[in-house]
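1. sequence and predicted structure are below.
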Amino acid sequence: MPERTLPLLPPRLRDMRVLLVDDQELNLRLMYQVLEKAGLHDIIFTQDPYAVAPLVALRTPDLLVVDLHMPGLDGFGVMEAVRPQVEAAGYLPILVLTADVTEESRRRALDAGARDFLTKPIDNIEVVQRTKNLLETRRLYLDLEYQNATLEQRVIERTADVEEAQLETLERLARTAEYRDDQTGRHVLRVGRVTALIARQMTMEESDVRLLRLAAPLHDLGKIGIPDAILLAPRRLTPEEFEEMKTHTEIGARILAGSRSSLLQLAENIARTHHERWDGRGYFGLVAHDIPIGARIVSVADVFDALTHERPYKSAWPIDLAVDEIARNRGTQFDPDVVDAFSRLDPEELLNPPEPVPSAVGWGDRSGYDRLAPRSRPQAESLAGA
Ligand SMILES: [Fe+2]
């Protein structure tokens with residue numbers, strides 16, 4: 001009978017790790033030698049079936065070769081013990097060694113997670129062939145995992161690029177609206193930041209804080225449609241002029257309307273309602289909790305910033321007077337809870353607010369907007385800590 005030569009495993013499989021489990025040292029030795037000759041060089045083994053689960057957890061193998069008949073914990077018990085790790089590892093094949101070839105034991109082993117069998121006494125070439133088949137599949141599985149992870153990473157990077165561009169566009173849009181009376185665009189930036197600081201002080205969820213930070217600067221976008229003679233008038237407006245000035249809320253809301261983005265929907269909402277008053281004496285007469293929470297916060301941030309900075313018709317107020325003015329309007333112009341949160345902030349920080357939200361926001365995610373959307377019933381107003 002011609003001598004059969006042992007096949008070599010292809011190079012791409014030789015780095016893969018195999019864990020051998022057999023209570024018989026001689027069997028382990030034989031398997032080890034065969035697999036080593038076939039090209040594998042990362043073979044670990046144990047005679048203790050109870051050591052298998054910790055070993056698999058510690059050094060995730062690419063193939064588990066288990067003897068079915070062992071004292072104490074048998075092969076079925078071992079497969080049961082490693083089931084959680086096998087499932088967590090994705091496709092981790094188990095090759096069962098058995099002298100018992102009954103249908104019943106094969107079925108049980110398959111149920112327990114076996115992918116293939118080797119019948120004792122083992123045939124060396126068959127050992128290599130079956131090992132190769134299972135390692136090939138494991139290799140394909142790992143390659144696919146890697147590709148998916150790479151692809152996912154690329155999508156994350158691309159999405160971040162797009163988000164950054166969108167956020168920058170929004171930031172510039174907000175500045176455009178402000179350009180005629182504040183060429184630096186600092187007002188809208190500060191309003192966005194102070195809004196976020198107040199929202200965080202009110203223990204709103206961080207995703208809501210981020211949305212508000214980004215949507216608030218667009219509150220006066222509609223000023224783009226207000227004539228210079230009114231917008232830049234260095235005096236009190238006439239009633240007619242004031243009526244026209246009021247339309248900036250609706251103009252802004254219309255510019256922002258119809259978007260699928262949760263951020264733009266929130267911005268639309270704020271643009272429309274940021275001149276509402278808690279007591280109902282604002283532009284549209286919305287009262288208390290009927291005014292969206294985002295707009296209630298923006299209105300405090302906006303008035304505070306307008307007071308503390310110079311305008312064509314007024315000089316800048318000292319900060320303590322501005323803080324008092326906000327407090328004086330608690331419960332009339334402003335939501336008492338928003339004023340309370342505002343009052344707890346450091347006044348100096350309010351004057352030069354730091355950027356509270358360094359990272360971008362998830363676009364197209366409606367969850368944040370849904371929580372910030374107008375509410376018809378006061379009891380739904382539990383955004384803080386909700
Ligand atoms: Fe406004």
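-> Cool, got the structure. On a predicted model such as this, the values are computed, not experimentally measured, just so you know. Residues are numbered from 1 along each chain as shown.

2. domains of this protein?
-> What the record gives for the chain is the domain set 11-149, 179-380, from automatic domain parsing.

3. deepest in the core, which of the ones you listed is it.
-> Mean neighbour count, computed with mean count of other Cβ atoms under 10 Å, is highest for domain 179-380 among those, reaching a mean of 18. Bear in mind the C-beta positions are built from the backbone N, C-alpha and C, glycine included.

4. output the contacting helices and strands for whichever helix in the chain runs longest.
-> Assignment by DSSP state H gives helix 124-178 as the longest helix of the chain. On a contact count with 3 or more Cβ pairs under 8 Å, 6 or more residues apart in numbering; DSSP states H and E, helix 124-178 meets helix 25-37, strand 63-67, strand 94-98, strand 116-119, helix 186-201.

5. how about low-confidence regions in this structure?
-> 1-3, 182-185, 312-313, 358-386 (pLDDT under 70).

6. next one: stretch 208-223 to chain centre, how far?
-> 21 Å (Cα atoms, centre = their mean, to the nearest Å).

7. ok, residues contacting stretch 141-150?
-> Around stretch 141-150, the neighbours that count as contacts under Cβ atoms under 8 Å, 6 or more residues apart in numbering are 62, 90, 91.

8. one more: stretch 267-286?
-> Contacts with stretch 267-286, where a contact means Cβ under 8 Å, 6+ apart, come from 170, 214-216, 218-222, 246, 249-250, 252-253, 255-257, 259, 287-288, 291-292, 294-296, 298-299, 302, 331-336, 372-374.

9. list the contacts for the nearest residue to residue 22 once chain neighbours are set aside?
-> With sequence-adjacent residues excluded and distances taken as Cβ to Cβ, 6 or more residues apart in numbering, residue 22 is closest to residue 67, at 4.1 Å. Shown in contact with residue 67 (Cβ under 8 Å, 6+ apart): 21, 22, 23, 24, 27, 75, 96, 97, 98.

10. who's in contact with the third one?
-> For residue 23, the contacting residues are 47, 49, 67, 70, 71, by Cβ under 8 Å, 6+ apart.

11. okay, stretch 192-212 in PDB with CA atoms only?
-> Output of stretch 192-212 as PDB, limited to C-alpha atoms (Å, rounded to 0.1, in the frame of the first residue of the first chain):
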ATOM      1  CA  GLY A 192     -26.600  78.900  21.300                       C
ATOM      2  CA  ARG A 193     -24.100  78.300  24.100                       C
ATOM      3  CA  VAL A 194     -26.100  79.900  26.900                       C
ATOM      4  CA  THR A 195     -29.200  78.000  25.800                       C
ATOM      5  CA  ALA A 196     -27.200  74.800  26.100                       C
ATOM      6  CA  LEU A 197     -25.800  75.800  29.500                       C
ATOM      7  CA  ILE A 198     -29.300  76.500  30.800                       C
ATOM      8  CA  ALA A 199     -30.700  73.200  29.300                       C
ATOM      9  CA  ARG A 200     -27.900  71.200  31.000                       C
ATOM     10  CA  GLN A 201     -28.500  73.100  34.200                       C
ATOM     11  CA  MET A 202     -32.200  71.900  33.900                       C
ATOM     12  CA  THR A 203     -30.700  68.300  33.700                       C
ATOM     13  CA  MET A 204     -32.000  67.800  30.200                       C
ATOM     14  CA  GLU A 205     -30.600  64.900  28.300                       C
ATOM     15  CA  GLU A 206     -27.300  65.500  26.700                       C
ATOM     16  CA  SER A 207     -28.700  64.800  23.200                       C
ATOM     17  CA  ASP A 208     -31.300  67.500  23.800                       C
ATOM     18  CA  VAL A 209     -28.600  69.900  25.000                       C
ATOM     19  CA  ARG A 210     -26.700  69.300  21.800                       C
ATOM     20  CA  LEU A 211     -29.800  69.800  19.600                       C
ATOM     21  CA  LEU A 212     -30.600  73.000  21.400                       C
END
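
12. now do it: distance to the chain's middle.
-> Distance, centroid of stretch 192-212 to centroid of chain: 17 Å (Cα atoms, centre = their mean).

13. ok, stretch 74-81 next?
-> Here stretch 74-81 is found 38 Å from its chain centre; the criterion is Cα atoms, centre = their mean.

14. correct me if wrong: residue 43 contacts residue 34.
-> No - at 10.1 Å, residue 43 and residue 34 do not qualify as touching, with contact defined as Cβ atoms under 8 Å.
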